[in-house]
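# predicted structure and sequence below. I'll ask about it afterward.
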Amino acid sequence: MPYDAPDPARLGDLLHAVFRRLRRRWAEQLAPFGLTPHQFRALDALAGCAGEPGHRHGPGGTCRHGGGSASLRVKDLAEALRIAPRSATEVVDLLEQKGLVERVPDPSDRRATLVALTPRGTGLRERVREDRRRESEEYFSRLAPEDRVELERLLRLLTADGPAPE
């Protein structure tokens, strides 16, 4: 072996430390907006369902389109957020109280209810994303541009589905 390979456990510890730091900064950044990370992720998932730019599509159910807006069933939102449906219901309840989302009847199933962003929710999400871009720029400013590109490449490798490269 031509180099000393780092201890994989140490790499995991370092990644976890970075994650904890980012998670703490993220929660602090959301506080002035009156949002928790789950609440913002729900707004982001609903915006992605609507096809807004800057959204990463993840797991989740089928987006429903009607009346000029896109929406998700709560169970599909829970899947997209990787939380229990009961927890997703609590998130939606709080967002609805704040006027950021609304529940609408599912036109394809009278028994079902959909969740959709309100214009206020869309506007708040856009403000938070812009603030997050600024915060992220500051956090990652210690890395040279080429290091950021390499970090993204490596993180994408680690988060990709499929077998690990040999």
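Sure thing, it's come through.
# alpha carbons only for contacts and neighbour counts from here, please
Noted.
# which helix or strand contains the most centrally placed residue in the chain?
Centroid check for the chain by C-alpha atoms, centre = their mean gives residue 41 as the closest residue, at 4.0 Å. Residue 41 is located in helix 37-49, with elements delineated by DSSP states H and E.
# and residue 161, by the same measure?
Counting by DSSP H and E, residue 161 is part of no helix or strand.
# around it, how many other residues sit close by?
8 (other C-alpha atoms under 10 Å).
# can you pull the contacts of it?
Counting by C-alpha atoms under 8 Å, 6 or more residues apart in numbering, residue 161 makes contact with nothing.
# what's the separation between residue 153 and residue 9?
If you measure residue 153 against residue 9 using C-alpha to C-alpha, to the nearest Å, the figure is 21 Å.
# give me the distance between residue 26 and residue 128.
Residue 26 sits at a distance of 10 Å from residue 128 (criterion: C-alpha to C-alpha).
# then residue 28?
Distance, residue 28 to residue 128, by C-alpha to C-alpha: 12 Å.
# look at these two and report which has more neighbours.
Neighbour count, other C-alpha under 10 Å: between residue 28 and residue 128, residue 128 has more, with 17 against 14.
# I'd say the more buried one and residue 30 touch.
Yes. If you go by C-alpha atoms under 8 Å, residue 128 and residue 30 touch, sitting 7.4 Å apart.
# show me the contacts for the residue nearest to residue 101 when sequence neighbours are not counted.
Once flanking residues are discounted, residue 101 sits nearest to residue 117: 4.3 Å by C-alpha to C-alpha, 6 or more residues apart in numbering. Counting by C-alpha under 8 Å, 6+ apart, residue 117 touches 43, 46-47, 69-71, 100-102.
# now the residues you listed in CSV, with pLDDT, distance to residue 160 and neighbour count?
Putting these into CSV (pLDDT from 0 to 100; distance: C-alpha to C-alpha, whole Å; neighbours: other C-alpha atoms under 10 Å) gives the following:
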residue, pLDDT, distance to residue 160, neighbour count
43, 96, 24, 25
46, 95, 23, 26
47, 92, 23, 25
69, 59, 31, 15
70, 78, 28, 19
71, 89, 27, 28
100, 98, 32, 21
101, 98, 32, 24
102, 97, 34, 19
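# buried residues in the helix or strand containing residue 127?
Assigned by DSSP H and E, residue 127 belongs to helix 119-140. For helix 119-140, a neighbour-count test (16 or more other C-alpha atoms under 10 Å) marks 121-122, 124-126, 128, 132 as buried.
# what is the least confident helix or strand in the chain?
strand 64-66 (a mean of 52; mean pLDDT, DSSP states H and E).
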